[in-house]
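Peer 1: here are the coordinates; sequence isn't available:
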């Protein structure tokens, strides 16, 4: 069976006619399979949603109990209509999965967003042999080569030691990045309380309930907070909330901090290059490892990945899906 008859792009996103479902659809559909809980992949109002237990709970926390008409837990491989689907760890955030779709001897794996660097808050990426690999390309250019996360945590701790009287405010997205940064700090031996913005509390509590050690967390809104380190979503830095902190060191944890102009544009004094996506070496290394017969590129720097595939003599095509706004970074 031809791969493009099993799965193909539509205005609503990738659609599988044999199974009657979309993967990470961009608007409400009858049946959706969801790779992870970020809002550009997991949306409100589907008739039915199939996802991992963690992703279903994250969707409930973020959108409310009625986020979908019905839900189905993704466990073992499942037959849906004329195809077999499976969910495999993606290493992006807690509960994130690649989704495999197989029919007629052809297997397509849709990566969603994925990462290859070890992340203490989620299961590592699992390479899945396939005929077609559908990859993201958020950082799909050779300029993106991320350092080891431990070096960025060491950079943050060194700044805190150098400026003990200045609060350090680190921007990190509420789902995944905030918990990743906190867990890395705990791994590095930082055991002091960390203050968190209120927008992070529910998700941090959920991560803790799943056995992720985030240590002592205190609300950043308390009047007597003595924590030197505060984690907040980027949106908080454009609000009056940030004015309560005197002479703060402003940091931001993102793969985009590898681009100095981005850091300057955001007024970031302490850029921390910590990403939950693959960089260029990890992306191209994954393609070389999987050696699929064909690569499809969903969102990001499609041209860079297409050129690499051309040089590697791997057939590739851009899907040109619009609407994945990279919330995770």
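Peer 2: Arrived safely. Here the structure is a predicted model, which is why all the values come from computation and not from measurement. Numbering: from 1, shown residues only.
Peer 1: Where does the prediction get shaky in the stretch 201-329 of the chain?
Peer 2: 222-225, 322-329 (pLDDT under 70).
Peer 1: let's see 80
Peer 2: The stretch 201-329 of the chain contains residues with pLDDT under 80 at 221-226, 321-329.
Peer 1: all strands for it, in order.
Peer 2: Secondary structure of the stretch 201-329 of the chain (DSSP state E, counting those that start in this stretch): strands located at 217-219, 229-232, 249-253, 270-272, 294-300, 316-318.
Peer 1: Neighbouring strands - and their directions - for the second one?
Peer 2: Each strand that strand 229-232 pairs with, and the sense of that pairing, follows from DSSP bridges: strand 168-171 (parallel), strand 194-196 (parallel).
Peer 1: and the longest one, what's its mean pLDDT?
Peer 2: Averaging the model's pLDDT scores along strand 168-171 yields 97.
Peer 1: Could you do the last one as well?
Peer 2: Per-residue pLDDT over strand 194-196 has a mean of 97.
Peer 1: Verify the stated contact: residue 305 with residue 295.
Peer 2: Yes - between residue 305 and residue 295 there is a contact under C-beta atoms under 8 Å: 7.3 Å. Placement of C-beta: from N, CA and C, glycine included.
Peer 1: Compare those two (neighbour count), which wins?
Peer 2: residue 305 (25 against 21; other C-beta atoms under 10 Å).
Peer 1: For the more buried one, list the residues it contacts.
Peer 2: Listed by C-beta atoms under 8 Å, 6 or more residues apart in numbering, the contact set of residue 305 reads 135, 137, 140, 283-284, 287, 295, 297, 316.
Peer 1: one more time with 10 Å, if that's ok
Peer 2: By C-beta atoms under 10 Å, 6 or more residues apart in numbering, residue 305 lies in contact with 135-137, 140-141, 280, 283-284, 287, 295-298, 316, 318.
Peer 1: now swap in residue 204 and tell me
Peer 2: Contacts of residue 204 (C-beta under 10 Å, 6+ apart): 174, 178-179, 182, 194, 196, 212, 214, 217, 231.
Peer 1: of those, closest to residue 68?
Peer 2: residue 174 (20.6 Å; C-beta to C-beta).
Peer 1: Now the phi/psi pair for the closest one, please.
Peer 2: phi -60, psi -40 (degrees, to the nearest 10).
Peer 1: May I have the residues that are in contact with it?
Peer 2: So residue 174 contacts 38-39, 62, 196-197, 199-204, 231-235, 327 (C-beta under 10 Å, 6+ apart).
Peer 1: change it to 8 Å
Peer 2: Residue 174 makes contacts with 199-200, 203, 233, as judged by C-beta under 8 Å, 6+ apart.
Peer 1: Now tell me what touches the helix or strand that contains residue 158 from outside.
Peer 2: Per DSSP states H and E: residue 158 is located in helix 149-162. Under the contact criterion C-beta under 8 Å, 6+ apart, helix 149-162 has outside partners 117, 168, 170, 180-181, 184-185, 187-188, 190, 228-229, 249, 251, 253, 270, 272-274.
Peer 1: measure residue 272 to residue 257 for me?
Peer 2: Per C-beta to C-beta, to the nearest Å, residue 272 is found 6 Å from residue 257.
Peer 1: Include distance to residue 91 when you put the contacts of residue 204 into a markdown table, please.
Peer 2: What follows is the contacts of residue 204, written out as a markdown table (distance: C-beta to C-beta, whole Å):
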| residue | distance to residue 91 |
| --- | --- |
| 174 | 19 |
| 178 | 17 |
| 179 | 14 |
| 182 | 18 |
| 194 | 24 |
| 196 | 24 |
| 212 | 14 |
| 214 | 19 |
| 217 | 24 |
| 231 | 21 |
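Peer 1: Strands of the stretch 51-200 of the chain, residue ranges please.
Peer 2: 68-73, 78-80, 83-89, 97-103, 106-110, 132-137, 168-171, 194-196.
Peer 1: now the ones you listed as a markdown table including distance to residue 265 and mean neighbour count?
Peer 2: Converted to a markdown table, these look like this (distance: least, C-beta to C-beta, whole Å; neighbours: other C-beta atoms under 10 Å):
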| stretch | distance to residue 265 | mean neighbour count |
| --- | --- | --- |
| strand 68-73 | 37 | 15 |
| strand 78-80 | 44 | 14 |
| strand 83-89 | 34 | 20 |
| strand 97-103 | 33 | 24 |
| strand 106-110 | 32 | 23 |
| strand 132-137 | 22 | 25 |
| strand 168-171 | 13 | 24 |
| strand 194-196 | 25 | 25 |
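Peer 1: so how far is residue 26 from the residue nearest to residue 37 when sequence neighbours are not counted?
Peer 2: Among residues not flanking residue 37 along the chain, residue 58 sits closest, at 3.4 Å (C-beta to C-beta, 6 or more residues apart in numbering). According to C-beta to C-beta, residue 58 and residue 26 sit 19 Å apart.
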